[in-house]
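Chemist: mind folding the following:
(4 chains)
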Protein chains: 2
Amino acid sequence: MKHVTIKDVAKRLNVSISSVSRAFNDKYDIKKETKELILKTAEEMGYFPNPIAKKLSQNKTFNIGVVVPEFINEYYSEIIIGIQEVFMGHGYQVLITQSDENPEIELKNVKTLIHSMVDGLIIAPTMESTNMEYYLKELNNGCPIIFMSRVKENLQASKVLFNNKKWAFFATEHLIRQGYSKIYYLAGSKNLNVSVDRIDGFKRAMSKHKIPKERYKILETGLLAEDGMQIMEDLIYNHDLPDAIFCFNDRVAMGVISILKSNAIKVPQDIALMGFTETRMVNLMTPRLSSVKQPTFEMGKSAAELLHKQIHNSLMEPQTIVLNGELTIRESSVRN
Amino acid sequence: MKHVTIKDVAKRLNVSISSVSRAFNDKYDIKKETKELILKTAEEMGYFPNPIAKKLSQNKTFNIGVVVPEFINEYYSEIIIGIQEVFMGHGYQVLITQSDENPEIELKNVKTLIHSMVDGLIIAPTMESTNMEYYLKELNNGCPIIFMSRVKENLQASKVLFNNKKWAFFATEHLIRQGYSKIYYLAGSKNLNVSVDRIDGFKRAMSKHKIPKERYKILETGLLAEDGMQIMEDLIYNHDLPDAIFCFNDRVAMGVISILKSNAIKVPQDIALMGFTETRMVNLMTPRLSSVKQPTFEMGKSAAELLHKQIHNSLMEPQTIVLNGELTIRESSVRN
DNA sequence: TTTGTTTCCGAAAACGTTTCCGAATAATTA
DNA sequence: TAATTATTCGGAAACGTTTTCGGAAACAAA
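Modeler: Here you go, the predicted model:
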């Protein structure tokens, strides 16, 4: 199965290969009729420009690389869809890799992508790790990189962030305003700076509403439903139950709710519940779960647009985009 | 930021570029010491072979394309991870595209991937559509393609399938053996051949156990939780309630269960429930949902390995791999 | 010493484009 | 009419590799 090349088309029409190239690249210095003739016969012959050769001669790959911790959950999947939407529109291919929350795999992925000559990178790091130095070095070597989601605000690079402090504050304040005051926060992992930010928001709400330290707790958990189940079982075992529980994410909340149910503890009558990073499961739980919706598609789109700008204007200085969310109140956090 | 090229390395050491190339490609006709010297200085100079140029000269891209209907749900995400595991080990990049269950986008994705010269394709079609003709044409043009999941068994091409008939049969038979006999099957979409297969399995279980046609129903639904909610509301409204419900997938089951709960219908005391294509949510539902687990990672791996073989042996004749699942019984389908 | 084999290496073609440069023709201006 | 400018095109270099071919050097065998 030989591919038709530019030479075949040129020979067929007795024109030069440069003319065929011009026809395909919307160049000004070609007559309209010849251009059309070339395009028509090329079409007939089943010719299309070999993208590899194009990349080599233009020193661009039209590939951009994406590194995420995982895409089993909706969160990064939706972000990726946002990224693809933007870049496919610009004729780029998006190469997706996932690091399985493992910094070593993450580093390997980034290296692979850079070695395959991507024109730019979007990275959602697993955690703040030593990898960051390497990434920043690559950034200075001329490979545009956008950081996403799990990264500190003061990092000297372009990034797209969610305002975790603010929305953790709002979510907590909602619980307080509903009359709950003994509130436990299941805080994810303290290595995650998003986690730290949400703790900050949680604390600020507490201090604003003058709730004494003895009334609330911040408990480190994992990111999975199983982690929520585990910690909830411990709390029940120790007879250490609050009014309300604010969870690092919906999965943890889901774990909590399942343990509460099997212990006949009612939500929200006995304990209110609030999630974060809203997933589609919120409406399927009974009671339906209050949560904070993050603008995943928009985050993907913003990161992609930022990167696209940066690719076409390499001297642009770093920009930070902070996006807002949406607090959706459902049955799980409403006093009857 | 100029990239270091093979020429720079050659010049530095006063050797020819062919020697440098040989050093990097494990060729036999180069002295061991020169090879090591070349590799060492290349490393120092920060040189690595430009993959684009390599691709051009070898007429291979070392890219393989994947087209799935979506990856918001775990199912295809896990399959993709399986595919990546195999191909990254072989030094290939996996390009992932998703068609959003839209045959037109699917076709566009396939064309994009073929135009970007992938060495092979793995396609999970949205439905049996007219696109199949195009794909088979491309297959005959020499681009190896593996079909996955939603495709007919008699298709003349390599494919990796799940044995839907068999496991729908087992799942149904389990319900019957538990003593349920008025069973409704929420059957997904009849345009999906997996759906047709599962209906077949369902019916075979019914006829094996001599359950008369008046006792069971097959109801067409969608694939989403909302579809399960919708149809369950209708059934309740019409006072048309069975002993047990077998759902096309866990999401539909999740929708059903939420409506049952809000109508105070108990699972499994009043109505038993069985899902399919097990998701991680099964253990988080109360009661925990019985379901059929599909070997997603293995499906991905099998497809990838099959494609890899096909790429290296283009004359191989089409192969069909049919994988088995696992029926996991939990509380939702067990008579107390 | 001659011949034949290995072993190692360089020159150059090939992969399929884009793009720069210059030339031929046509159109415009002086 | 001559000179200038636009328009359109072909030739060839460049992009960075791999690979084929042939030749030199080194070594063994005759």
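
Chemist: from the stretch 201-336 of chain A, which residue is nearest to DNA strand C?
Modeler: In the stretch 201-336 of chain A, the residue that lies nearest DNA strand C is A:H312 (14.2 Å; Cβ to the nearest atom of the strand). For every residue, glycine as well, the C-beta is placed using N, CA and C.

Chemist: how many residues are close by that residue?
Modeler: 11 (other Cβ atoms under 10 Å in any protein chain shown).

Chemist: measure it to A:H90 for me?
Modeler: 10 Å (Cβ to Cβ, to the nearest Å).

Chemist: kindly report the same for A:S99.
Modeler: 26 Å.

Chemist: higher neighbour count, these two?
Modeler: A:S99 (22 against 13).

Chemist: so the nearest residue to the more buried one once chain neighbours are set aside: helix, strand or coil?
Modeler: Excluding the flanking residues, the one nearest A:S99 by Cβ to Cβ, 6 or more residues apart in numbering or on different chains is A:E106, at 3.6 Å. Put simply, A:E106 is helix when judged by DSSP: H, G, I helix; E, B strand; the rest coil.

Chemist: hmm, A:Y134 and A:E106 touching each other?
Modeler: No: look at A:E106 against A:Y134 with Cβ atoms under 8 Å: they stay out of range, at 10.1 Å.

Chemist: for the two, indicate the residue with more neighbours.
Modeler: A:E106 (25 against 14).

Chemist: for that one, give me its contacts.
Modeler: A:67, A:69, A:99, A:123, A:125-126, A:129, A:131 (Cβ atoms under 8 Å, 6 or more residues apart in numbering or on different chains).

Chemist: phi, psi for the residue of the stretch 201-336 of chain A closest to DNA strand C please.
Modeler: Reported as degrees, to the nearest 10, the phi and psi values for A:H312 are phi -90, psi 0.

Chemist: can you check A:I311 too?
Modeler: phi -60, psi -40.

Chemist: tell me the contacts of it?
Modeler: A:I311 touches A:64, A:119-120, A:144, counting by Cβ under 8 Å, 6+ apart.

Chemist: name the member of those with the most neighbours.
Modeler: In terms of neighbour count, A:I64 stands highest of the contacts of A:I311 at 26 neighbours, by other Cβ under 10 Å.

Chemist: and the pLDDT at the closest residue to it other than its chain neighbours?
Modeler: Closest residue in space to A:I64, ignoring its immediate chain neighbours: A:G120 at 4.8 Å, by Cβ to Cβ, 6+ apart. As summarised for this prediction, A:G120 has a pLDDT of 95.

Chemist: next, give phi and psi for A:G120.
Modeler: According to degrees, to the nearest 10, A:G120 has phi -170, psi 170.

Chemist: that one touches A:I145, doesn't it?
Modeler: Yes: at 7.0 Å, A:G120 counts as touching A:I145 under the criterion of Cβ under 8 Å.

Chemist: low-confidence stretches in chain A?
Modeler: Within chain A, the stretches with pLDDT under 70 are A:1-2, A:128-129.

Chemist: how is it partitioned into domains?
Modeler: Here the domain parsing of chain A from automatic domain parsing is A:6-49, A:62-162+A:296-324, A:164-294+A:328-333.

Chemist: looking at strand pairing, list the partners for A:V292.
Modeler: A:L327 (DSSP bridges).

Chemist: which element, helix or strand, includes the one residue in the stretch 101-250 of chain A that gets nearest to chain B?
Modeler: The minimum distance from the stretch 101-250 of chain A to chain B, using Cβ to the nearest Cβ, falls at A:G142 (3.5 Å). Using DSSP states H and E, A:G142 sits in no helix or strand.

Chemist: that one contacts A:S314, doesn't it?
Modeler: Yes: between A:G142 and A:S314 there is a contact under Cβ under 8 Å: 6.9 Å.

Chemist: show me where chain A has its helices.
Modeler: With DSSP state H, the ranges of helices along chain A come out as A:6-13, A:17-24, A:32-45, A:51-58, A:74-89, A:103-115, A:131-140, A:164-177, A:193-208, A:225-237, A:250-262, A:296-312.

Chemist: most packed of those helices?
Modeler: helix A:250-262 (a mean of 25; mean count of other Cβ atoms under 10 Å in any protein chain shown).

Chemist: run the chain-centre distance for that one.
Modeler: With Cα atoms, centre = their mean, to the nearest Å as the basis, helix A:250-262 stands 25 Å off its chain's centre.

Chemist: and that helix, what other elements does it pack with?
Modeler: Other elements packing on helix A:250-262 under the criterion 3 or more Cβ pairs under 8 Å, 6 or more residues apart in numbering or on different chains; DSSP states H and E are helix A:225-237, strand A:244-247, strand A:272-274.

Chemist: which one of those lies nearest to A:I259?
Modeler: Closest approach to A:I259 among those (Cβ to Cβ): helix A:225-237, 4.0 Å.

Chemist: about what we covered before: name the nearest of the contacts of A:E106 relative to B:A168.
Modeler: For the contacts of A:E106, the closest approach to B:A168 (Cβ to Cβ) belongs to A:P69, at 35.1 Å.

Chemist: OK, contacts around A:I259?
Modeler: Counted by Cβ under 8 Å, 6+ apart, A:I259 has contacts A:228-229, A:232-233, A:236.

Chemist: mind redoing it with 6 Å?
Modeler: Neighbouring residues of A:I259 by Cβ atoms under 6 Å, 6 or more residues apart in numbering or on different chains: A:229, A:232-233.
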